[in-house]
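*Asks:* Give me coordinates for this.
(one chain, ligands or ions: 1)
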Amino acid sequence: MTNDPKGPPLGPETLAVRAGQHRTAEAEQSEPIFATSSFVYESAAQAAARFSGEEPGNIYSRFTNPTVRTFQERLAAMEGGERCVATASGMSAILATGLGLLSQGDHIVAGRQLFGSTVGLFANHFSRFGITTTFVDATDPDAWAAATTPATKLFFLETPSNPLLEIADIAAIAEVAHAHGAWLAVDNCLCTPALQRPLELGADIVIHSATKYIDGQGRALGGAVVGSEAEMGAVYNFLRSAGPTMSPFNAWIFLKGLETLSLRMRAHSAAAGELAAWLEGQPGIARVHYPGLAAHPGHDLAARQQSAPGGLLAFELEGGRAAAWAFIDALEIASITANLGDAKTTVTHPATTTHSRMTPEQREEAGITEGLVRIAVGLETVADLRADLQRGLEAATGVAP
Ligand SMILES: *Cc1c(COP(=O)(O)O)cnc(C)c1O
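*Replies:* This next block holds a predicted model:
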């Protein structure tokens, strides 16, 4: 079931539950897992027709699998894109986008506050094949324009950014990209289509790490790219040859995750909003980064382009690294891990984990201070999480309740 252009448009929650399902002759209610590497033909002639592309249909699960297809059709419908290509991880979604669409000599302009492995992929690997990248302040559309060259083909943006939750203006940056003949790709991992739909704001490509909120329970790695038929065809052709495709089992986990995504995102966001507001008034905290707070520089923009501020928050403790580590070690509910988007709340010290490979100067420039703590708020009872943060603050500051 997808949107019928002749009928009234289906709501996002309906698409999340129903889009992409192709019920088999077994009349199953829940989508099946097609755990098979290859598919069988009725005749040699049919095999030839499938391989030549004359006849549509399944061939081999590196590039055609019905469970993966259901996930792809569902996510494409939710993002409002023509086509989705599923990948083995979020990083392979970014790899397939770059190598599917770009060639030697092409140039990327990217936001500076990108996921660390994305920076590594662009700066250390794409560069070896003659694809160069300029990193800019993502919140300043003029900086994107100033960084373009005649070779610029791709703008790459993450909003909100991780871990500082900077908000960049997707519509304004899309305009700059198109004026320079470039595509705008948005990594929509932190919001998911439940909270933000970049294609509706003018972006050309949406990237996902399905590992995070789309799974929602910290079980499986996966990724996806969504966009128009033409661009996704190029991404698909790269993936079909190169191989980092999504497994049918993981596709099944993710497509079931999509069914509850909107509910979960609203719950993550409501809990994060409550905790951010509470943290703002606590002693020992220099600053809380959360776009739902009126003091956040991206507050108004987030309110325009997102339907809720999201489940991630960060804050700076006055006591630097010692305070941050004492805080983290005192928590009894939150798990110390770098993953996010899990039903279980997770806590991270970015300076010594996710951002530890940056130099101290790079970290300072990026705003990743020694006292910074990131919380990916889960789905536990909010009062219990607040009590956990209170334990952390007492350990960090020595302040009694
Ligand atoms: C985790 C993450 C990725 C990479 O995804 P993997 O599934 O770990 O490969 C990319 N972008 C963002 C914003 C992420 O949080």
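*Asks:* and the lengthiest helix in the chain, what does it pack onto?
*Replies:* Ranked by residue count under DSSP state H, the longest helix found in the chain is helix 261-280. With contacts taken as 3 or more CB pairs under 8 Å, 6 or more residues apart in numbering; DSSP states H and E, helix 261-280 sits against helix 12-18, helix 192-195, strand 285-289, strand 312-317, helix 382-397. C-beta here means a position set from N, CA and C on the backbone, and glycine is covered the same way.
*Asks:* which stretch among those comes nearest residue 344?
*Replies:* Each of the helices and strands packed on helix 261-280 was scored for nearness to residue 344 using CB to CB, and the closest is helix 382-397 (10.8 Å).
*Asks:* Check which helices and strands that closest one sits against.
*Replies:* The criterion is 3+ CB pairs under 8 Å, 6+ apart, and the helices and strands that helix 382-397 contacts are helix 261-280, helix 320-330.
*Asks:* Put together TSV for those, with mean pLDDT and mean neighbour count on each row.
*Replies:* Written out in TSV, the entries for the helices and strands packed on helix 382-397 read as follows (pLDDT from 0 to 100; neighbours: other CB atoms under 10 Å):
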stretch	mean pLDDT	mean neighbour count
helix 261-280	98	20
helix 320-330	96	18
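*Asks:* Same list (the ones you listed) but as TSV, adding distance to the ligand.
*Replies:* Written out in TSV, the entries for the helices and strands packed on helix 382-397 read as follows (distance: least, CB to the nearest ligand atom, whole Å):
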stretch	distance to the ligand
helix 261-280	14
helix 320-330	19
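*Asks:* and of those helices, who's closest to residue 127?
*Replies:* Distances from residue 127 to each of the helices and strands packed on helix 382-397 were compared by CB to CB, and the smallest falls on helix 320-330, at 31.9 Å.
*Asks:* How much space separates residue 389 from the ligand?
*Replies:* Residue 389 sits 22 Å away from the ligand, taking CB to the nearest ligand atom, to the nearest Å as the criterion.
*Asks:* contacting residues for that residue?
*Replies:* Contacts for residue 389 (CB atoms under 8 Å, 6 or more residues apart in numbering) come out as 275, 278-279, 331, 375.
*Asks:* How about residue 112?
*Replies:* 135-138, 365-366.
*Asks:* ok so, going back, out of the contacts of residue 389, flag the one nearest to residue 339.
*Replies:* Using CB to CB, the contacts of residue 389 come closest to residue 339 at residue 375, 12.4 Å.
*Asks:* The residue of the stretch 251-400 of the chain found nearest the ligand: how many residues sit nearby?
*Replies:* When distances are taken as CB to the nearest ligand atom, the stretch 251-400 of the chain approaches the ligand most closely through residue 340, which lies 6.4 Å from it. Using other CB atoms under 10 Å, residue 340 has 26 neighbouring residues.
*Asks:* so it sits in a helix?
*Replies:* No: with DSSP: H, G, I helix; E, B strand; the rest coil as the criterion, residue 340 is located in coil rather than a helix.
*Asks:* ok, it touching residue 314?
*Replies:* No: counting by CB atoms under 8 Å, no contact exists between residue 340 and residue 314, whose distance comes to 11.2 Å.
*Asks:* From residue 175, how far off is residue 253?
*Replies:* Counting by CB to CB, to the nearest Å, the separation of residue 253 from residue 175 is 37 Å.
*Asks:* the more surrounded of the two?
*Replies:* residue 253 (20 against 16).
*Asks:* Return the residues in contact with that one.
*Replies:* Going by CB under 8 Å, 6+ apart, residue 253 touches 215, 219-220, 222.
*Asks:* any idea what sits nearest the spatially most central residue of the chain, other than its immediate chain neighbours?
*Replies:* Within the chain, the residue whose C-alpha comes closest to the C-alpha centroid is residue 189; the distance, by CA atoms, centre = their mean, is 1.4 Å. When the adjacent residues along the chain are set aside, residue 189 lies closest to residue 209, with 4.6 Å between them (CB to CB, 6 or more residues apart in numbering).
*Asks:* And for residue 132?
*Replies:* If you skip the residues right next to it in sequence, residue 132 has residue 107 as its closest partner in space, 5.3 Å away by CB to CB, 6+ apart.
*Asks:* Tell me what the one you found is bridged to.
*Replies:* Taking DSSP bridges as the rule, residue 107 bridges to residue 132, residue 152.
*Asks:* Use 21 as the first number from now on
*Replies:* Noted, 21 is the first residue going forward, which turns the last one into residue 127.
*Asks:* I'd like the distance between it and the ligand.
*Replies:* Distance of residue 127 to the ligand, computed by CB to the nearest ligand atom: 21 Å.
*Asks:* picking that back up, redo the helices and strands packed on helix 402-417 as a markdown table? Include distance to residue 329.
*Replies:* Listed next are the helices and strands packed on helix 402-417 as a markdown table, based on distance: least, CB to CB, whole Å:
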| stretch | distance to residue 329 |
| --- | --- |
| helix 281-300 | 6 |
| helix 340-350 | 22 |
